[in-house]
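Trainee: sequence and predicted structure below; questions after.
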Amino acid sequence: MKKRGQFELSFGMIFSIILIAVFLVVAFYAIKTFLSVGCDVGAGGFIKDLQGEVDRIWASAGEEEEYTGKITGSCDVEYVCFFNENKPQSGGYRTEYNDIQGLAELDKNIYITPVRSAKVSAAKINHLNMEAFTENPHCIKIENGEVTFKLSKGLRESLVTIQ
């Protein structure tokens, strides 16, 4: 007679393995969701801070200030783009223009690109001189989660300009 080993798993063992697999899948999904929420919060905070700074300079008699905004969270964003939907594409940001054009929302003038990186990827910044931009979209590179540009308003100007 030949002896053979027998491999048996009880129902409880099989059920435990299935539960462990389900818990791992749910845990990875939850981590991914929390990381994307951090990106959305960072983008939303940046837009809110920028609107506050633009409002402050708009209400002043005339001022020029260098603004540094932070986009926190684990985002894969590359640019902050100011987009005028009434103008054709000009300048060197054709990829960003096409990305924004495909998802452009009515009356929005700031986009964080790539647009799909954050749910809060578009907003309307009030009191902003969109006609002052020579290129459309006017994109500013995000480096180490920060973007820097100048906000200015002259004595006789009614809107804030970004340089």
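Mentor: In hand now; what should we look at?

Trainee: for the helix or strand harbouring Asp40, packing partners?
Mentor: If you go by DSSP states H and E, Asp40 is part of helix 11-59. Contact analysis of helix 11-59 by 3 or more C-beta pairs under 8 Å, 6 or more residues apart in numbering; DSSP states H and E lists strand 63-70, strand 110-113, strand 146-153 as its packing neighbours. Every C-beta, even on glycine, is put in place using the N, C-alpha and C of the backbone.

Trainee: now with 10 Å, please.
Mentor: Applying 3 or more C-beta pairs under 10 Å, 6 or more residues apart in numbering; DSSP states H and E, one finds that helix 11-59 contacts strand 63-70, strand 79-82, strand 110-113, strand 122-123, strand 146-153, strand 161-162.

Trainee: buried deepest among the ones you listed, which one?
Mentor: With neighbours taken as mean count of other C-beta atoms under 10 Å, these reach their highest mean count in strand 110-113, at a mean of 24.

Trainee: using CSV, write out every CA atom in that strand.
Mentor: This file holds the C-alpha atoms of strand 110-113, laid out as CSV (Å, rounded to 0.1, in the frame of the first residue of the first chain):
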residue,chain,number,x,y,z
ILE,A,110,-8.9,78.8,-12.9
TYR,A,111,-8.0,75.2,-13.4
ILE,A,112,-5.6,72.9,-11.6
THR,A,113,-4.1,70.5,-14.2
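
Trainee: where are the low-confidence patches of this structure?
Mentor: By pLDDT under 70, the weakly predicted segments of the chain are 1-7, 73-75, 104-105, 115-120.

Trainee: if we go to 90?
Mentor: Scanning the chain for pLDDT under 90 picks out 1-14, 31-47, 60-64, 69-124, 130-140, 142-147, 154-158, 161-163.

Trainee: closest one to Ala30 among the helices and strands packed on helix 11-59?
Mentor: Nearest to Ala30, of all the helices and strands packed on helix 11-59, is strand 110-113, at 24.4 Å by C-beta to C-beta.
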